[in-house]
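K.L.:
When you get a sec, could you give me coordinates for this:
(4 chains)
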Protein chains: 2
Amino acid sequence: MLKLYSKYPKHFVAVDCIIFGYDIAEKELKLLVIKRSFEPAKDKWSLSGGFVKEGENLDDAASRVLSNLTGITDLYMEQMHTYGSIDRDPGARVVSTAYYALIGIHEIDTEKKESNGAHWRSISRLPELIFDHNQMVKAALHELLHKVKSQPVGFELLPEKFTLVQLQELYEAVYQRKIDKRNFRKKILSMNLLEKLDEKEKVTSKKGAFYYRFNEEKYNTFTTNGFFFNLDVT
Amino acid sequence: MLKLYSKYPKHFVAVDCIIFGYDIAEKELKLLVIKRSFEPAKDKWSLSGGFVKEGENLDDAASRVLSNLTGITDLYMEQMHTYGSIDRDPGARVVSTAYYALIGIHEIDTEKKESNGAHWRSISRLPELIFDHNQMVKAALHELLHKVKSQPVGFELLPEKFTLVQLQELYEAVYQRKIDKRNFRKKILSMNLLEKLDEKEKVTSKKGAFYYRFNEEKYNTFTTNGFFFNLDVT
DNA sequence: CCAAAAGTGTTTTCTCTACACCCATGT
DNA sequence: ACATGGGTGTAGAGAAAACACTTTTGG
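P.N.:
Numbering: from 1, shown residues only, chains lettered A, B, ... in the order given. Okay, the predicted model is just below:
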């Protein structure tokens, strides 16, 4: 390796993962937080993070942290923002890139979650987090809100099969407001992205609600043709 | 300083600045590019960047690079994305955070620009840039396009006083398409963010066009009340 | 048979779009 | 008086919003 840049300083580089999960039963958006196991700020609540290794891509570091914690390997994960204030981490100067992921709350490997001291916490009742982690979460929520309107990411938070009621409740949880049932269904179905299955979910009602499935192929056809997902309902 | 993290590797951290300028005369969006003065890739076209110093905030590093190049100190600058592939820079593994700035093409200190080997290049005729810089520009343009629709950042690219014609031409340059004059004026004026001045610009026409000014106070009133700037015109 | 949740259409309102002529002025 | 760019309104189409009753079925 050439020593071209040897006069410049090096820094610790880390990633922090903001893992959102949707709890279909409680109809709440949750965040995965961990009890930090090392100094500084040991035993405080924190996002899960990790240092970027030598010869490891930044994105790969984020995936590694996520998979160590949840067992999930292949996942929608998006870089959000990089935090680089010199004093953000009292242990040393660390530049940290925050990523966020959307998962169904039950997709997670419970073993791994427990052994890492991770817990789901409702976003409306978050604990105090270390460093600038609360700020990160706030920014990620803000971005999620915008994202959810313009791209069909909501489906990432649900199991493969879901009912329209569940989908609506998810949007209500994210938007933090009520949505009109008829308008919601009209709009989402008119996009032709959902496939109605022959199966019904019969736990929450006697009549039962039809399951639907997100059709990724159709979505890709649309996007390549300059289609713009836009879910903005009453 | 505690040696808490000493077992982890350190990395070079850099910033790259994507500086967009609007040329009010040529009605074109331009990008500031420089001829790189050092190895590797010496004499190739590049964004202007720099390594983050010891004890320097990430954002401050971006501001420093910008001000060295343009003389502009106080500016709207936004972090875009962090690029962290291990082989993106052939000189060494460098994690680089890209920022973009919007300025009027004439706000710049010409001395500084020349002495740094910087040039304005129309975004429709960009040269090949080093490393992943073309990718950065493409991403920044994409983000600019979305941003411009949802936030009144267009004004950053214009001088304090501007005519509605100039503002429309700016949006046409960014969107890369014609906008209906009457619809544009109707929409932008209905937002009540512009202040009509008593002065006219009389260079480009005999009749003269009234100057307007962006009213930041009004904008702040709106945003705090949950207002959403939305410019999406014919 | 009734409670509980699923499912379904229509009307009104508003926003977006398309479109063409008059105005002011310097030469 | 005319050429040049600045400025203005309206009608029609399409999208968003408001709104309430019927259906199914397990207990």
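K.L.:
Nearest spatial neighbour of residue A:27, chain-adjacent residues omitted?
P.N.:
Counting by Cβ to Cβ, 6 or more residues apart in numbering or on different chains, the nearest residue to residue A:27 once its immediate chain neighbours are dropped is residue A:169, at 4.7 Å. Bear in mind the C-beta positions are built from the backbone N, C-alpha and C, glycine included.
K.L.:
I'd like the distance between that neighbour and residue A:25.
P.N.:
10 Å (Cβ to Cβ, to the nearest Å).
K.L.:
I'd assumed the residue nearest to residue A:27 was in a helix, is it?
P.N.:
Yes: membership of residue A:169 in a helix is supported by DSSP: H, G, I helix; E, B strand; the rest coil.
K.L.:
pLDDT at it, what is it?
P.N.:
On the pLDDT scale, residue A:169 is placed at 96.
K.L.:
same thing with residue A:182?
P.N.:
Residue A:182 is given a pLDDT of 96.
K.L.:
my guess is it is in a helix, correct?
P.N.:
Yes: assessed by three-state DSSP, residue A:182 belongs to a helix.
K.L.:
which other helices and strands contact the strand of greatest length in chain A?
P.N.:
Identified as the longest strand of chain A according to DSSP state E is strand A:10-23. Packing partners of strand A:10-23 (3 or more Cβ pairs under 8 Å, 6 or more residues apart in numbering or on different chains; DSSP states H and E): strand A:28-35, strand A:48-51, helix A:58-70, strand A:77-83, strand A:94-104, helix A:133-150, strand B:10-23.
K.L.:
can the third one be found next to chain B?
P.N.:
Spelled out, that is helix A:58-70. Yes: using Cβ under 8 Å from any Cβ of the partner chain, helix A:58-70 reaches chain B at A:58, A:59, A:61.
K.L.:
my read: residue A:98 touches residue A:77, true?
P.N.:
No: applying Cβ atoms under 8 Å as the test, residue A:98 and residue A:77 come out as separate, 10.9 Å apart.
K.L.:
so what's in contact with these two at the same time?
P.N.:
Shared contacts of residue A:98 and residue A:77, defined by Cβ atoms under 8 Å, 6 or more residues apart in numbering or on different chains, comprise residue A:17.
K.L.:
So those two - more neighbours on which side?
P.N.:
A count of neighbours by other Cβ atoms under 10 Å in any protein chain shown puts residue A:98 above the other of residue A:98 and residue A:77, at 26 against 21.
K.L.:
Provide a list of residues in contact with the closest residue to residue A:83 other than its chain neighbours.
P.N.:
Closest residue to residue A:83 apart from its sequence neighbours, by Cβ to Cβ, 6+ apart: residue A:96 at 5.0 Å. Residues in contact with residue A:96 (Cβ under 8 Å, 6+ apart) are A:13, A:14, A:15, A:16, A:49, A:82, A:83, A:84, A:88, A:89.
K.L.:
now, which of those sits nearest DNA strand C?
P.N.:
residue A:82 (34.0 Å; Cβ to the nearest atom of the strand).
K.L.:
burial count for the closest one?
P.N.:
With other Cβ under 10 Å as criterion, residue A:82 counts 25.
K.L.:
how close does it sit to residue A:88?
P.N.:
Counting by Cβ to Cβ - residue A:82 and residue A:88 are separated by 11 Å.
K.L.:
Residue A:146 now?
P.N.:
25 Å.
K.L.:
Comparing these two, which shows the higher neighbour count?
P.N.:
Per other Cβ under 10 Å, whichever of residue A:146 and residue A:88 has more neighbours is residue A:88, with 18 against 11.
K.L.:
does the more buried one really touch residue A:132, like I thought?
P.N.:
Yes: between residue A:88 and residue A:132 there is a contact under Cβ under 8 Å: 5.0 Å.
K.L.:
Now residue A:44. Nearest residue, chain neighbours left out?
P.N.:
residue A:130 (4.8 Å).
K.L.:
Next, count neighbours for that neighbour.
P.N.:
By other Cβ under 10 Å, neighbour count at residue A:130 equals 18.
K.L.:
again, but for residue A:43
P.N.:
Neighbours of residue A:43 using other Cβ under 10 Å come to 11.
K.L.:
quick one: contacts for it?
P.N.:
A:35, A:36.
K.L.:
Repeat the analysis, applying 6 Å as the threshold.
P.N.:
residue A:35 (Cβ atoms under 6 Å, 6 or more residues apart in numbering or on different chains).
K.L.:
Which strand or helix spans it?
P.N.:
Per DSSP states H and E, residue A:43 falls between elements, in no helix or strand.
K.L.:
helix, strand or coil for residue A:91?
P.N.:
Applying three-state DSSP: residue A:91 is coil.
K.L.:
Distance-wise, check it relative to DNA strand D.
P.N.:
As for residue A:91, its distance to DNA strand D is 48 Å (criterion: Cβ to the nearest atom of the strand, to the nearest Å).
K.L.:
I'd like the distance between residue A:37 and DNA strand D.
P.N.:
Relative to DNA strand D, and taking Cβ to the nearest atom of the strand, residue A:37 is found at 46 Å.
K.L.:
my bad, residue A:75
P.N.:
Counting by Cβ to the nearest atom of the strand - residue A:75 and DNA strand D are separated by 30 Å.
K.L.:
who's in contact with residue A:212?
P.N.:
Contacts of residue A:212 (Cβ under 6 Å, 6+ apart): A:194, A:196.
K.L.:
buried stuff in the strand or helix carrying it?
P.N.:
Following DSSP H and E, one finds residue A:212 within strand A:209-214. The neighbour-count criterion (16 or more other Cβ atoms under 10 Å in any protein chain shown) identifies A:209, A:211, A:212, A:213, A:214 as the buried residues of strand A:209-214.
K.L.:
Over to stretch A:104-122?
P.N.:
Using 16+ other Cβ under 10 Å as the test for burial, stretch A:104-122 gives A:104, A:105, A:108, A:113, A:116, A:117, A:118, A:120, A:121.
K.L.:
What of stretch A:134-147?
P.N.:
For stretch A:134-147, by 16+ other Cβ under 10 Å, it's A:136, A:137, A:139, A:140, A:141, A:144, A:147.
K.L.:
got the residues you listed as a markdown table, with distance to DNA strand D and pLDDT columns?
P.N.:
Output for those, formatted as a markdown table (distance: Cβ to the nearest atom of the strand, whole Å; pLDDT from 0 to 100):
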| residue | distance to DNA strand D | pLDDT |
| --- | --- | --- |
| A:136 | 31 | 98 |
| A:137 | 28 | 98 |
| A:139 | 26 | 98 |
| A:140 | 25 | 97 |
| A:141 | 22 | 96 |
| A:144 | 20 | 92 |
| A:147 | 17 | 87 |
